[in-house]
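K.L.:
Just to be clear, the model below is a prediction. Sequence and coordinates:
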Amino acid sequence: MTDLSHIRNFAIIAHIDHGKSTLADRLIQMCGGLTNREMKEQVLDSMDIERERGITIKAQTVRLIYDAADGKRYTLNLIDTPGHVDFAYEVSRSLAACEGSILVVDASQGVEAQTLANVYKAIEANHEIIPVLNKIDLPAADVARVKEQIEDVIGLDASDAIEISAKSGLGMEALLEAIVKRLPPPKGDREAPTKAMMVDSWYDPYLGVTCLVRVHDGVLKKGQRVKMMQTGAVHPVERVGVLTPKGLEVEVLGPGEVGFLNAGIKTVADTKVGDTITDERRQATTALPGFQPSISVVFCGLFPVDASDFDHLRDSLEKLRLNDASFSFEMETSAALGFGFRCGFLGLLHLEIVQERLEREFDLDLITTAPSVIYKIHLTDGRTIELHNPADMPDVMKIQSIEEPWIKATIFVPDDYLGAVLGLCTERRGEQVDLTYAGSRAVVVYRLPLNEVVFDFYDRLKSISRGYASFDYQLDSYRESDLVKLSIMVNQEPVDALSMIVHRGQADPRGRTMCAKLKELIPRQLFKIAIQAAIGGKVIARETVSALRKDVTAKCYGGDITRKKKLLEKQKEGKKRMRQFGQVEIPQSAFIAALKMDG
Amino acid sequence: MAVPAPELTTTLDEPMGVYVHWPFCRSKCPYCDFNSHVSDTVDHDRWRTALVRELETQAARVGRRRVESVFFGGGTPSLMEPETVAAVLDTVRSSFRIANDLEVTLEANPTSVEAGRLDGFRDAGVNRVSLGVQALDDEVLRFLGRTHAASEALAAVAAARERFDRVSFDLIYARPGQSPQSWKRELSEALKHAAGHLSLYQLTIEPTTPFHSLHARGAFRLPDEDTAATLWDVTQETLDAAGLSAYEVSNHARPGDECRHNVVYWTYRDYLGVGPGAHGRLSEAGGKTATRTHRAPSIWLDRVERDGHALVDDQMLDPDEVLVEATLTGLRLASGLSRERWHALFDRPPEDLFDIRTIGLLTDGGFLELDEVGLRATATGRARLDAVTDRLLRSRQPFR
């Protein structure tokens, strides 16, 4: 157990690619508990996807030992934070476990939208913040300009910013000294009843559920019976330890310390992140302030391409949920796609990551329906319902009004692309809140309906700004809107998987696009096929797949019969995936292709 | 609904056909995926003996059934020696009960060389000739890899008609760049020379043929579906007007002049297959057996000399396979399959074999007709027969 004055707990805030992981690796190399052999790039990003995409999804932590210039030995706990907007709630958790933050800004790139959002969270958490300019050895580095930006845009004093190159190791000593000197030590009372915060929890195949904890008062040790103040559950502590970043068991975790705890907990869902852990026999009277629970804002259907994979998909979702309690799923049936699940996610990236993990780690081939948001529907009978799935939209006659979620988006964009970005925001029903400049870059703040953002907004933003725009958002409010359910019908029967809720003004072009797409994708058949887009009973777009005129094998004699029969058997597997719409049977592959062409 | 598996009631006194495969050609056509081989050194005596021997072996297996047709196909059977044809036919006559009007067809190339052998074939017992004319345009014939000229082919047709009462010839249409007008002219010309029967095939790109790789490389383009459909319609109209309506998807005849041997296939009756790669269908022990001989000419020859036959497949089909095969073939005929035929094959009417709603959908759509006579595809249905049979077969009821 370390004396409080010799502990510093800190987080690193940085935009993607600004060098956070390289900095963490450098710190671990200098002060950590890994041998060179154990060092691999981006140690803290332990999932394959994290390493490949260069992003952090789950918060990680590492204990560093630093012998400072004052001759004393310090314990530095680095709590890594995810950089992406979808994981903003994880950022808040990480920040709550520390007293200070290092704000890393790429000296050649400057401040980005996500940096801004996260640094404000750190300020809200009363953090002491050390501005750090990274990559100062790059030819394009402009230290003076970026310092000015930090002062203008964020409002932090950048005069004593630390200038480093995490890659070459330049300035690392100065940074470590600044962490020791400028960041405050944690406070806590070793004699008080135990009070520790559950920062995170994850499933480890060998140890079961592992909790990341930050001790505020008292101690945590093996054999102790701990109580979760929010859930009321009591567990015997089996093990406590620190992460170096590999797990290292210790006798006891004391005030100010960050470490892990195993207590025979079965699933991650049994733990509540933000809960206060106390001693069952000597309980704290008040709990620590918790976190805002993470909420799903984006929903979509996930269906197995091969219907026989349904059980496998369910098992896989359950396994993934062991480690990521932030997504939800429930069974869903679709006439076009069969059995699957309606899943809720923190955002589009989260959706993509879960989908990718399912496909990669569980070898599933999935169909993803168009993402949707949560609509609040006020019914004429006075009730209000939340709608996660366009297919469940009540009858128009029963709807009093519909509200949709809006976000407040901050976009950083070089001046050259400002016009295009403003155009995109307007096209997506955006309302401008603010437009300022940070150097040659514009800072655009817009209110936008979330459903416009889940529909290929990122991709469009990236392409119109050639990748230079950065984007961050937070949920803002619900607002009443003129929304309609756009149904796609094949031979008068609705294709549930393709229905969507759109603003009345967008319904016509969306409907026309989808009908034209399906016309290309549906093969000609014996009967002609009407494809329609409709709002309520009113058809707004229509295409027709004309009937087959000729489809017959020219020759079939005694020797051809066997071959033709085999050909038919070979096609049989594919034909199983036909979906019946009135007289016609449409291959499921057409719907999958229509969905894939979206967004 | 599952129906009990049928006790095959096909009577063994139902007449059957005999197919004889001659696997050699003078040259290989780029569209053809039949079992054909180019060889300059065919030992005709050996082949004659082997064909007779395999026929005897297979005949012994089926017993003295009644045979109503023999078909020499290939390959190019007009390259056979007339003595070989005669020896095979002698064996047919001695092994089976023969119908008075036994039909004996031989496929022939329409060249002057083969025209000179027609007397020999007639004397051997052939009474029907089918000539592979393919086109009446020299440029097209070269594209199709044929060695004859159009005038030579028409002369061969005339020579055949002088010697045989029953003559047919083949044409291939839906060729690259072919217009409905030019096809109509070609058909009218063909009809001037035709006897009572014509086979008119749309050009099909078969895998493993030279045309397949040429087509894949974009060396030529086939007409699109709409043009192909128009060419089909022109074919039906022109032949209907000439009194040679389609009795099968690609076969047209004056009433009574249909190829009885091929009708055996399409009504899913029994046939023996002799020669390399020949298929057979035989009713035996309450079921239908599918047979196939070895495809490679030299291996076939060795096996027949060693074992008396070269069968490589000899399997009883399950009732579901029989239903698939009978439907695939039966609906190709304009007359379809009669109720008696369905009953003979499955001991039940078509209404019990397929989902009644699917039958209703296809009859309401004008693709099928089901009445007291039987089940058949309409002219509209035959133009789209692959889609129709596919839909119908997917609705078939499982046998218990």
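P.N.:
Nice, thanks for sending it over. Numbers count the residues shown, from 1 in each chain, chains lettered A, B, ... in the order given.
K.L.:
contacts, neighbours, all on C-alpha from now
P.N.:
OK.
K.L.:
Geometric centre of the chain: which residue is closest?
P.N.:
Because you didn't say which chain, this covers chain A. Nearest to the geometric centre of chain A sits A:His350, at 3.1 Å (CA atoms, centre = their mean).
K.L.:
Correction: the question concerned chain B.
P.N.:
Most central residue of chain B, judged by C-alpha distance to the mean C-alpha position with CA atoms, centre = their mean, is B:Asn262 at 5.1 Å.
K.L.:
Helix or strand for it, just tell me which one.
P.N.:
Using DSSP states H and E, B:Asn262 falls within helix B:260-266.
K.L.:
Return the distance of that helix from the chain's centre.
P.N.:
For helix B:260-266, the separation from the chain centroid amounts to 7 Å (computed by CA atoms, centre = their mean, to the nearest Å).
K.L.:
Indicate each strand paired with the longest strand along chain B and its parallel or antiparallel sense.
P.N.:
Using DSSP state E to assign secondary structure, the strand with the most residues in chain B is strand B:97-108. For strand B:97-108, sheet partners with direction are given as strand B:66-74 (parallel), strand B:128-134 (parallel), following DSSP bridges.
K.L.:
Between those, which one is closest to A:Gly301.
P.N.:
strand B:128-134 (55.4 Å; CA to CA).
K.L.:
residues near the residue of chain B found nearest chain A, how many?
P.N.:
Residue of chain B nearest chain A, by CA to the nearest CA: B:Arg384 (4.2 Å). Look at B:Arg384: counted by other CA atoms under 10 Å in any protein chain shown, it has 22 neighbours.
K.L.:
pLDDT (mean, whole number) over the helix holding B:Asn262?
P.N.:
Predicted confidence along helix B:260-266 averages 97 (mean pLDDT).
K.L.:
cool, stretch A:144-151 as well?
P.N.:
The average pLDDT within stretch A:144-151 is 90.
K.L.:
Can I get stretch A:405-420 in PDB, CA atoms only?
P.N.:
Written as PDB, here are the backbone C-alpha positions of stretch A:405-420 (Å, rounded to 0.1, in the frame of the first residue of the first chain):
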ATOM      1  CA  PRO A 405     -33.800  12.800 -30.700                       C
ATOM      2  CA  TRP A 406     -31.600  15.700 -31.700                       C
ATOM      3  CA  ILE A 407     -27.900  16.000 -31.000                       C
ATOM      4  CA  LYS A 408     -25.500  18.900 -30.600                       C
ATOM      5  CA  ALA A 409     -22.700  18.200 -33.000                       C
ATOM      6  CA  THR A 410     -19.300  20.000 -33.000                       C
ATOM      7  CA  ILE A 411     -17.400  19.800 -36.300                       C
ATOM      8  CA  PHE A 412     -13.900  21.000 -36.800                       C
ATOM      9  CA  VAL A 413     -13.200  21.600 -40.500                       C
ATOM     10  CA  PRO A 414     -10.500  23.300 -42.600                       C
ATOM     11  CA  ASP A 415     -11.800  26.500 -44.200                       C
ATOM     12  CA  ASP A 416     -11.700  25.000 -47.700                       C
ATOM     13  CA  TYR A 417     -14.400  22.500 -46.900                       C
ATOM     14  CA  LEU A 418     -16.600  24.600 -44.700                       C
ATOM     15  CA  GLY A 419     -19.100  25.400 -47.400                       C
ATOM     16  CA  ALA A 420     -19.600  21.700 -48.200                       C
END
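K.L.:
And it, what's buried?
P.N.:
Of the residues in stretch A:405-420, those buried under the neighbour-count criterion (16 or more other CA atoms under 10 Å in any protein chain shown) are A:405-415, A:417-418.
K.L.:
again with stretch A:229-248
P.N.:
Of all the residues in stretch A:229-248, those buried under the rule 16+ other CA under 10 Å are A:229, A:234-237, A:239-246.
K.L.:
who touches that stretch?
P.N.:
Residues outside stretch A:229-248 that contact it (CA atoms under 8 Å, 6 or more residues apart in numbering or on different chains): A:32-34, A:44, A:61-64, A:220-228, A:249-253, A:258-265, A:272, A:275-278, A:280, A:287.
K.L.:
Helices along the stretch 51-200 of chain B, start to end?
P.N.:
In order along the chain, the stretch 51-200 of chain B carries the following helices (DSSP state H, counting those that start in this stretch): B:82-95, B:112-115, B:118-124, B:138-143, B:150-163, B:180-193.
K.L.:
ranking those helices by mean pLDDT, which is last?
P.N.:
helix B:112-115 (a mean of 80).
K.L.:
counting contacts, what elements does the helix or strand bottoming out on mean pLDDT in chain B pack onto?
P.N.:
Comparing helices and strands within chain B by mean pLDDT, DSSP states H and E singles out helix B:112-115 as the least confident, with a mean of 80. Counting contacts by 3 or more CA pairs under 8 Å, 6 or more residues apart in numbering or on different chains; DSSP states H and E, helix B:112-115 packs against helix B:150-163.
K.L.:
In the helix it packs on, which residues are buried?
P.N.:
Across helix B:150-163, burial judged by 16+ other CA under 10 Å covers B:Ala150, B:Glu152, B:Ala153, B:Leu154, B:Ala155, B:Ala156, B:Val157, B:Ala158, B:Ala159, B:Ala160, B:Arg161, B:Arg163.
K.L.:
Leaving out chain neighbours, which residue sits closest to B:Arg97?
P.N.:
Distances taken as CA to CA, 6 or more residues apart in numbering or on different chains put B:Arg66 closest to B:Arg97, at 4.5 Å, once the chain neighbours are dropped.
K.L.:
same for chain B: which of the contacts of stretch A:229-248 are within range?
P.N.:
Here nothing survives when the contacts of stretch A:229-248 are matched to chain B using CA under 8 Å from any CA of the partner chain.
K.L.:
Please flag which of those residues sit within strands.
P.N.:
Under the assignment DSSP E, the contacts of stretch A:229-248 contribute A:61-64, A:220-221, A:225-228, A:249-250, A:252-253, A:258-262, A:276-278 to strands.
K.L.:
Could you pull up the contacting residues of A:His6?
P.N.:
Contacts here follow CA under 8 Å, 6+ apart; on that basis A:His6 touches A:Lys72, A:Arg73, A:Tyr74, A:Thr75, A:Pro185.
K.L.:
Please pick the buried ones from those residues.
P.N.:
A:Tyr74, A:Thr75, A:Pro185.
K.L.:
what about the second one, which SS state?
P.N.:
If I follow you right, that is A:Thr75. Per DSSP: H, G, I helix; E, B strand; the rest coil, the secondary structure class of A:Thr75 is strand.
K.L.:
got the contact list for the residue nearest to B:Arg97?
P.N.:
The neighbours of B:Arg66, taking CA under 8 Å, 6+ apart as the test, are B:Asp13, B:Glu14, B:Pro15, B:Met16, B:Phe96, B:Arg97, B:Ile98, B:Ala99.
K.L.:
gap between it and B:Thr389?
P.N.:
Noted for B:Arg66: a distance of 31 Å to B:Thr389, by CA to CA, to the nearest Å.
K.L.:
Next to chain A in this structure, residues from the stretch 201-350 of chain B, please.
P.N.:
B:201-204, B:225-226, B:228-229, B:249-250, B:262, B:265-266, B:278-280, B:324-325, B:328-329.
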